[in-house]
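>>> Attaching a predicted model along with its sequence, questions to come.
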There are 4 protein chains.
Amino acid sequence: MRVGVLTGGGDCPGLNAVIRGIVRKGVQEYGYDFVGFKDGWRGPLEGDAIRLDIPAVRGILPRGGTILGSSRTNPLKVQDGIRRIKDNLAKQEIQALIAIGGEDTLGVAARLSGEYGVPCVGVPKTIDNDLSATDYTFGFDTAVNIATEAIDRLHTTAESHMRVLVVEVMGRHAGWIALHSGLAGGANVILIPEQRFDVDQVCDWVTSRFRASYAPIVVVAEGAMPKDGDMVLKDQSLDSFGHVRLSGVGEWLAKEIEKRTGKEARTTVLGHVQRGGTPSAFDRWLATRFGLHAIDCVREGDFGKMVALRGTDIVRVPLADATAKLKTVDPKLYEEVGVFFG
Amino acid sequence: MRVGVLTGGGDCPGLNAVIRGIVRKGVQEYGYDFVGFKDGWRGPLEGDAIRLDIPAVRGILPRGGTILGSSRTNPLKVQDGIRRIKDNLAKQEIQALIAIGGEDTLGVAARLSGEYGVPCVGVPKTIDNDLSATDYTFGFDTAVNIATEAIDRLHTTAESHMRVLVVEVMGRHAGWIALHSGLAGGANVILIPEQRFDVDQVCDWVTSRFRASYAPIVVVAEGAMPKDGDMVLKDQSLDSFGHVRLSGVGEWLAKEIEKRTGKEARTTVLGHVQRGGTPSAFDRWLATRFGLHAIDCVREGDFGKMVALRGTDIVRVPLADATAKLKTVDPKLYEEVGVFFG
Amino acid sequence: MRVGVLTGGGDCPGLNAVIRGIVRKGVQEYGYDFVGFKDGWRGPLEGDAIRLDIPAVRGILPRGGTILGSSRTNPLKVQDGIRRIKDNLAKQEIQALIAIGGEDTLGVAARLSGEYGVPCVGVPKTIDNDLSATDYTFGFDTAVNIATEAIDRLHTTAESHMRVLVVEVMGRHAGWIALHSGLAGGANVILIPEQRFDVDQVCDWVTSRFRASYAPIVVVAEGAMPKDGDMVLKDQSLDSFGHVRLSGVGEWLAKEIEKRTGKEARTTVLGHVQRGGTPSAFDRWLATRFGLHAIDCVREGDFGKMVALRGTDIVRVPLADATAKLKTVDPKLYEEVGVFFG
Amino acid sequence: MRVGVLTGGGDCPGLNAVIRGIVRKGVQEYGYDFVGFKDGWRGPLEGDAIRLDIPAVRGILPRGGTILGSSRTNPLKVQDGIRRIKDNLAKQEIQALIAIGGEDTLGVAARLSGEYGVPCVGVPKTIDNDLSATDYTFGFDTAVNIATEAIDRLHTTAESHMRVLVVEVMGRHAGWIALHSGLAGGANVILIPEQRFDVDQVCDWVTSRFRASYAPIVVVAEGAMPKDGDMVLKDQSLDSFGHVRLSGVGEWLAKEIEKRTGKEARTTVLGHVQRGGTPSAFDRWLATRFGLHAIDCVREGDFGKMVALRGTDIVRVPLADATAKLKTVDPKLYEEVGVFFG
């Protein structure tokens, strides 16, 4: 059996651990051969691949990033994309494909598997943890630890200068990183995309914190939005690739807080450090087990499936579930955490 | 309502986060008063308590240890212990008691609650993660991260000198810390109390690793035992408190490996560093939520219960479950991880 | 003897370690009393002080920030400032004052000591390490470690996506943090305020790195400037306190690199996390020794002096040296490090 | 020019950074070729070498250990050792040799250079920092940071259980790691090899700490010894290589403290984790600069020299200085730190 592996979408700590799990078990226990496609779907599209054997995956467990490279190439948007992939898989005698990626990457795998008869298995990856089908995704715990450590550090600066510190963390559509790191870091306000925030309410919490002689930390997900439509979050400039630069809720909010409370406020945008570097122990454990179970799907011919975490078990769900529903923060959970605001 | 809180048994990162969660919600939302008993069951036994209010719990979230102190005092083994506790609770007008602790501490709470009519709620604590009633306990993730970081560091020493490095981690009856940190740290052998090990098999793995030109790391839980009864693990000396000093499987194993393989072997016993210091983000999250839900049990008069984690939900189970069954490593899971041995 | 202590200027890990060193030695060895003035020079100006004794400094060694608070209040710019300070010191029977701070704070101490006869001792503090009189200042090593760890993390993101990552670190007038963290983090370009940079040269390095199939990391000090005057670094908005927001060289440079090389580039601004949180072991050592030697200056009546590090020795230099000359990066050292560019 | 490089003696974070510095500058600026000898002096003795070029040193800066391997092979104790080395160097057309190592490794280099006309340059390496010729050696800062972090963690365990915690750190002949980490970690007693300790004095400090309602941390260097000769530190067993296992001052001291004070005491032996893993930013900086300056020595034909740190400068000293005098802790410095005992 010859199996292809690819990693698509944004960087995420644990990708290499998945690859290593797949290859170690596939080679040792099942005697499979492996091919690693480069840069997500670009690899099978262009036939760009490397050999993946045990020496190739040695030492990669603690390393962030992905030895296979990644991209956002979407073969469904490329002329003849599917056919070219099928041709390249056939040419390389690939009998099964394991795709590690987010909504977009797995969406392609779901269609390849369902409509075009390419035997695919998926491994879910989203640093934002916003996938309904699984309790957690790898990379999330690492991001939360990094953000929490940053918030820990910012407390002392806030206290020493009696300033408001606004920390913008990742999370465009779901507030999981903000919620977990904000709670773990002892933030005084946590703002998430799921619930539009009221700037005056934020300012009340800020003021109440100062009254207790402490300086407030406000954690805000990059996708959080104020209630009133008066915010222009995005500086509308496009980068040279035509993407709108998403940025600004943190900076905007700090200015509003200064204006309304008269207190000095500063912003820290954590950015890419949240998604790079060595994975936490939890993420290495989860990612490795995802890899081991993905190759078992292949072994058992259980295609069109994705591995997922339920409690402490690795289960299998339909690949289509990967794109079915965004897992957002339950309002009840947000309310539960709200006891620490102010 | 006046609520007592105590922490019993061994140190564990996250204890302060539980206390803070209980007090913040209890005071702010329900208007309760809190009393913190000192040093586990010694506190209510001797009437030794401090006031717990919001200022008392400020800033304790990231701090390891417990602001209430701990002990292994067991009132069931003390003359008139239960009566004295009931008297002291009555004297201080305590109407509910939240006990945070392991098997022993919660065993007392279960009996107090079940047989003596003292309204108790339990919060489970075991750094070893060996409690069946809950998916995870707080402190465990921190311990695994610390052990994993140590293993990461030891790899380079092993490689540079082509030595065997044996790392002894916590776990007397269950191998969870060894299993998780060993997997996450890329160990070549993991030995757990649940399954007696064969020294010759260990030596085979060690030798096979050297053949691949790499140096092996062997992670061994303190409670792991060899198959043949020829090991004298414990140096039988008693400490000044009459406890047998448990120590030695790591040191013993390193000597055996040297003897049988002719390769130099060294041991590192991680010891107390695994259970001290600031909790990981996951443990702060879990411990805080345990605290919030424990005070909700009190609010709802739902006594004789213990909070537990199931998937991503906090649930309630009978306090008696805390002592019902040790959660050991499933042989299938151990076998799954075994693909990385050698 | 009654001694006053104050901390002025920006936050810096190690401030509490200095205070603890002063108080522990002053109380235990010399039997002094201590008064801590709040918020830098605002404290003595307004007579706002707390008692500093051994219990007050327990447990503060590993904590970032300053238990005394800080501010940028400058008594020389306040009506009758000096007289009010002298009055308040007299009222509290303060016989010596230890000022811990940067150029501004120590500049006031120098004048108080030299022109107004107030017995002052200085402890230098600048996270930027830009003080000629001392080999290193505390806080700098912590900042460099934090920045290095961030760069370590960003490498994997850069590699996985073959992107340029620009990291903006602290350093308005001197490039020490950029130089040390850039070298330690394996950056491919390091830009410092001491030497105007040529964007085309930067793009050449970036391109050459990509040619070697690696993704470049560019570390840029916030005060670095391009050669040609065409950059508008500052968005000219003022914050609510009338300060120009200094920001932008990182963001600006990323856009230029994208424009000129056609490669995707992203910016991370490390910001306040560099100056908060627990100090590194080196900074705890240095700050503590500064404290111990500062109180020895008081003991010996050696006023108008500042403690400084020379090799491994703590020496004393005139307080005036604190403001004498900015320690910038030697062009030879920058050239030495330049071997790693590209 | 063809240059040989080797690393000898114990593992030390920063070795790879030295190698990278040598090769990057040597290849890029001077056009040299490099050969890496394997496992210290065993490499040139047996002619075991690999090619060292720029791709070979990519990515090694943050990695602990040494890509060249290490050993304690001493050619002076091997029949015809020197002649064989000279032959192998000639055979490989090596015109200069850079030896990175401690007293033993550099002692060989000194004799090779001085008596046998082999052009050698030395880079000093001792994790214990006990070399007179240089202010600091790389690896030391990393070890101190690791030990300090461990002590930070142990404080909370000590406090929660009101126990004595004894931490044994590296340092057979010099107490630098104990002194720096003990001070930085806020230890209550620090014991070093330079000064025999009085167990009763230690117990007084321990008792006084308990009286203040805090639990004591005792940091002890592995080479520290009690005043009275009644200690049997070494369990006299030999390992399979005939080395006496040095161990025990920590364990021994904990037992004595228990016996004499009646307080529970526990020991943690930090062991190999202190010398493995990624180097701190300071050590990466120092090690890299040592590498850059070592290759400059070769360039300038300045053989028989060793690079060293003086203040912030890298200087050159005679290779013989490497073995001239152990740098032990100055009694005055130990006394200075002693203010924190008890």
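Sure, I can see it.

>>> make it CA atoms for all contacts and neighbour counts henceforth
Fine.

>>> gap between the residue of the stretch 201-342 of chain A found nearest chain B and chain C?
Nearest to chain B, among the residues of the stretch 201-342 of chain A, is A:Gly311, at 3.8 Å (C-alpha to the nearest C-alpha). To chain C, A:Gly311 is 29 Å away according to C-alpha to the nearest C-alpha, to the nearest Å.

>>> Now that residue: closest residue in space that isn't a chain neighbour?
Nearest residue to A:Gly311, sequence neighbours excluded (C-alpha to C-alpha, 6 or more residues apart in numbering or on different chains): B:Gly311, at 3.8 Å.

>>> wouldn't that neighbour be in contact with A:Asp135 here?
Yes. Assessed by C-alpha atoms under 8 Å, B:Gly311 is found in contact with A:Asp135 at 6.5 Å.

>>> which neighbours do those two share?
A:Arg310, A:Gly311 (C-alpha atoms under 8 Å, 6 or more residues apart in numbering or on different chains).

>>> So for chain A, which residue is the most central one in space?
Nearest to the geometric centre of chain A sits A:Ile127, at 1.6 Å (C-alpha atoms, centre = their mean).

>>> tell me the phi and psi of A:Ala99?
With angles defined as degrees, to the nearest 10, A:Ala99 sits at phi -110, psi 130.

>>> who's in contact with it?
A:Val5, A:Leu6, A:Thr7, A:Gly8, A:Thr105, A:Leu106, A:Ala109, A:Cys120, A:Val121, A:Gly122, A:Val123.

>>> which residues sit in contact with the residue of the stretch 201-342 of chain A closest to chain B?
A:Gly311 makes contact with A:Asp135, B:Asp135, B:Arg310, B:Gly311, B:Thr312, according to C-alpha under 8 Å, 6+ apart.

>>> same thing with A:Lys305?
A:Cys120, A:Val121, A:Gly122, A:Cys297, A:Arg316, A:Val317, A:Pro318, A:Leu319.

>>> isn't A:Thr312 right next to B:Thr134, touching?
No. The criterion here is C-alpha under 8 Å, and A:Thr312 misses it with B:Thr134 at 10.2 Å.

>>> Which one's more surrounded, the two?
B:Thr134 (23 against 12; other C-alpha atoms under 10 Å in any protein chain shown).

>>> Looks to me like that one is in a strand.
No. According to DSSP: H, G, I helix; E, B strand; the rest coil, B:Thr134 belongs to no strand; its state is coil.

>>> so who does it touch?
For B:Thr134, the contact set (C-alpha under 8 Å, 6+ apart) comprises B:Ala308, B:Leu309, B:Arg310.

>>> ranking the residues you listed by neighbours, who comes first?
That'd be B:Ala308 among the contacts of B:Thr134, by other C-alpha under 10 Å, with 28 neighbours.

>>> before we move on, which element is it in?
Using DSSP states H and E, B:Ala308 sits within strand B:305-310.

>>> Let's see that strand as PDB, backbone CA atoms only.
In PDB, the C-alpha atoms belonging to strand B:305-310 read as follows (Å, rounded to 0.1, in the frame of the first residue of the first chain):
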ATOM      1  CA  LYS B 305     -21.500  15.200  45.000                       C
ATOM      2  CA  MET B 306     -18.200  15.700  43.400                       C
ATOM      3  CA  VAL B 307     -17.600  17.800  40.200                       C
ATOM      4  CA  ALA B 308     -15.900  16.000  37.300                       C
ATOM      5  CA  LEU B 309     -14.900  16.600  33.700                       C
ATOM      6  CA  ARG B 310     -16.600  14.700  30.800                       C
END
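
>>> who's the nearest residue to A:Val202 once chain neighbours are set aside bridged to?
Excluding its sequence neighbours, the residue lying closest to A:Val202 (C-alpha to C-alpha, 6+ apart) is A:Val189, at 7.0 Å. Counting by DSSP bridges, A:Val189 forms beta bridges with A:Val218.

>>> swap in A:Leu309?
A:Ile314.

>>> Check the gap between it and A:Pro124 for me.
10 Å (C-alpha to C-alpha, to the nearest Å).

>>> What of A:Ala133?
9 Å.

>>> before we move on, what about A:Gly65?
15 Å.

>>> next one: A:Arg289
Per C-alpha to C-alpha, A:Arg289 is found 12 Å from A:Pro124.

>>> the more surrounded of those two?
A:Pro124 (27 against 24).

>>> burial count for A:Asn188?
Neighbour tally, A:Asn188, other C-alpha under 10 Å: 22.

>>> I figured it hits A:Val218, correct?
Yes. At 5.9 Å, A:Asn188 and A:Val218 qualify as touching, with contact defined as C-alpha under 8 Å.

>>> follow-up on the earlier one: okay, and the common contacts of A:Ala133 and A:Pro124?
Contacts common to A:Ala133 and A:Pro124, judged by C-alpha under 8 Å, 6+ apart, are A:Ala308, A:Ala322.

>>> got a list of what the residue of chain A most remote from its centre touches?
Residue farthest from the centre of chain A, counting by C-alpha atoms, centre = their mean, is A:Arg211 at 37.2 Å. By C-alpha under 8 Å, 6+ apart, no residues touch A:Arg211.

>>> What are the phi and psi values at it?
A:Arg211 adopts backbone torsions of phi -60, psi -30, taken as degrees, to the nearest 10.

>>> between the contacts of A:Gly311, which is nearest chain C?
A:Asp135 (25.0 Å).

>>> I'd like the distance between A:Thr267 and A:Asp33.
Distance from A:Thr267 to A:Asp33, by C-alpha to C-alpha: 50 Å.

>>> swap in A:Val108?
In this view, A:Val108 and A:Asp33 are 23 Å apart by C-alpha to C-alpha.

>>> picking that back up, was I right to think the residue nearest to A:Val202 contacts A:Cys203?
No. Applying C-alpha under 8 Å as the test, A:Val189 and A:Cys203 come out as separate, 9.7 Å apart.

>>> And those two? Which one has more around it.
Taking other C-alpha under 10 Å, A:Val189 and A:Cys203 do not tie; A:Val189 has more neighbours (26 against 20).

>>> and A:Ala212, how many neighbours?
10.

>>> So if I had to pick from A:Val108 and A:Asp33, which one is more boxed in?
Using other C-alpha under 10 Å as the criterion, A:Val108 and A:Asp33 rank with A:Val108 on top: 20 against 16.
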